[in-house]
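Structure for this input, please:
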Amino acid sequence: MSDEDFQWGPAIQKGAEAAEVAFGQGIGAAIATQLAATLFDKGGEDKFADAIKDLKVSIHEMIDQAFLDHDVAQLVGFGADLKAYLATYAYNPKKADHELIAGVHLLLPGLLSSIAGKNSFEALTALVYGVNVFIQTLIARSTEFPTYRSEAKSNLIYYSDLIEKRCEAFRNQINDTVSPPETETLIWNIFEVKDALLQIKSERPFQPVTYANGFTYKLQVYFLDLHIPHMREETGQQVYPFRGIRNSQDLIGGAAYRQFTLDDIKVTNSYLEIEKNRREIMQKRIDNLNFLLEPTSKAISKWREISKAATEPVPTN
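Residues are numbered from 1 along each chain as shown. The predicted structure is shown next:
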């Protein structure tokens, strides 16, 4: 596909879909409602609001309000300037304010560099939007300076690699929020083992209660969610003999603790409940993250399609 044949508008639009970052009511809403609308008239949909908010709350992070108020506000301004220029140029190229678009071209790379240095979901989505503003700015200026079309391609290679690595880092960050991870068994512990006369209930109805010598114990099962424990305890009992433990004398020295196996623990209510809790927490985080990253991945795919003819991915900033 030649550079002239490629439809830049839909490609940039696809990238803009990844930046409809309406951060939600009370979280920079005044900026949020403008962010996507400034360039493509698609704002006000709050597409990512719940996903970002839920994800930040889930991993115990705060929305970066200062970032929204400062960096994103500047980004919105550059997007508005670009939109104004494109609208005027489409109506009458001679009346287009070339100094306005030159100012965007001059100042936007520095802002993109600042945003790229921030490690947050807000910054990632804003960066995707900002790159699209920047690329469209270069394409707009290429009517006067044809070399800017090639520069747009090389910048897309650079930012595709940068954002792709950032997405992978966020995936790893989410996977590391719980310990042990989902691929490993939960942490469990047997404690307070005591000799006891146990009440044995018959599985058949209307049968008398019987008693037997054995021991009671407590089971604790847990995992850490960003160092915050999610824990469940329950009390159990075993009749003598139990795997070589014949009486209270055999409890001395902690022999009972060592006789329980993971297979014993995995069928307990505590283990099943905590495992379900861990699975649900992680699934919600992964779903929210995927909701944020899927359109970003589509944008990157489009960017690579545009820039595959480029040879030197050197950013202008």
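
Averaged pLDDT, the helix or strand that contains residue 278. What do you get?
For residue 278, the element it lies in under DSSP states H and E is helix 269-307. Taken as a whole, helix 269-307 has an average pLDDT of 87.

Packing partners of it?
In terms of contact count using 3 or more CB pairs under 8 Å, 6 or more residues apart in numbering; DSSP states H and E, helix 269-307 is assigned the packing partners helix 8-17, helix 49-58, helix 121-141, helix 147-175, strand 178-179, strand 210-225, strand 228-239. Where C-beta positions appear, they are placed from N, C-alpha and C, glycine not excepted.

how many degrees apart are the fourth one and helix 121-141 in direction?
The one in question is helix 147-175. Relative orientation of helix 147-175 with respect to helix 121-141: 170 degrees, computed using axes from the mean of the first three to the mean of the last three CA atoms, to 10 degrees.

Show me what helix 147-175 is packed against.
Helix 147-175 makes packing contacts with helix 121-141, helix 269-307 when contacts are defined by 3+ CB pairs under 8 Å, 6+ apart.

So for the last one, what gets flagged as buried?
For helix 269-307, the buried set under the neighbour-count rule, 16 or more other CB atoms under 10 Å, comprises 270-271, 274-275, 277-278, 281-282, 285, 288-289, 291-293, 295-296, 299-300, 302-303, 306-307.

swap in stretch 183-193?
Under the neighbour-count criterion of 16+ other CB under 10 Å, stretch 183-193 has 186, 188, 190, 193 buried.

the domain parsing of the protein - what is it?
Taking automatic domain parsing as the domain assignment, the record places the domains of the chain at 8-178+285-307, 187-277.

Point out the most buried one among those.
Highest mean neighbour count among these (mean count of other CB atoms under 10 Å): domain 8-178+285-307, with a mean of 18.

which SS state does the residue lying closest to residue 140 once chain neighbours are set aside fall under?
Nearest residue to residue 140 in three dimensions, chain neighbours excluded: residue 101, at 5.7 Å (CB to CB, 6 or more residues apart in numbering). Using DSSP: H, G, I helix; E, B strand; the rest coil, the structure places residue 101 in helix.

before we move on, back to that, looking at the helices and strands packed on helix 269-307, which is nearest to residue 252?
Each of these was scored for nearness to residue 252 using CB to CB, and the closest is strand 210-225 (11.7 Å).

I'd guess residue 202 is in a helix, am I close?
No. The assignment for residue 202 by three-state DSSP gives coil, which leaves it out of any helix.

Can you pull the phi/psi pair for it?
Main-chain torsions, residue 202, degrees, to the nearest 10: phi -80, psi 140.

State the distance from it to residue 208.
For residue 202, the distance to residue 208 under the criterion CB to CB, to the nearest Å works out to 8 Å.

what does residue 215 give?
With CB to CB as the criterion, residue 215 and residue 208 are 23 Å apart.

Likewise for residue 237?
With the distance defined as CB to CB, residue 237 ends up 19 Å from residue 208.

which residues touch residue 170?
Applying CB atoms under 8 Å, 6 or more residues apart in numbering, we find residue 170 in contact with 121, 124, 289, 293.

looking at this, residue 71 is in a strand?
No. Residue 71: not assigned to a strand; according to three-state DSSP it is helix.

list the contacts for it?
By CB under 8 Å, 6+ apart, residue 71 lies in contact with 111, 114, 115, 118, 123, 126.

What does residue 209 show for phi and psi?
Its backbone dihedrals place residue 209 at phi -70, psi 140, with angles given as degrees, to the nearest 10.

next one: residue 119
For residue 119, the backbone dihedrals (degrees, to the nearest 10) come out as phi -100, psi 80.

For it, give me its contacts.
Applying CB under 8 Å, 6+ apart, the residues contacting residue 119 are 166, 169.

Tell me how far it lies from residue 165.
Plainly put, residue 119 is 12 Å away from residue 165 if you go by CB to CB.

same thing with residue 82?
For residue 82, the distance to residue 165 equals 27 Å [CB to CB].

do residue 109 as well
Between residue 109 and residue 165 the computed distance is 19 Å (CB to CB).

hang on, the earlier thing: quick one: which of the domains of the chain has the weakest pLDDT on average?
domain 8-178+285-307 (a mean of 73).

SS state for the residue in the chain sticking out farthest from the centre?
When distances are taken from the C-alpha mean of the chain, residue 208 lies farthest, 56.9 Å away, according to CA atoms, centre = their mean. Here residue 208 takes the coil state, with states given by three-state DSSP.

Residue 198 now?
In three-state terms, and counting by three-state DSSP, residue 198 is strand.

Check residue 192 too.
Secondary structure state of residue 192, per three-state DSSP, is strand.

Was I right to think it contacts residue 219?
No. Here residue 192 lies out of contact with residue 219, judged by CB atoms under 8 Å, at a distance of 9.8 Å.

looking at it, residue 186 is touching residue 222, isn't it?
Yes. The pair residue 186 / residue 222 is scored as a contact, 6.8 Å apart, by CB under 8 Å.
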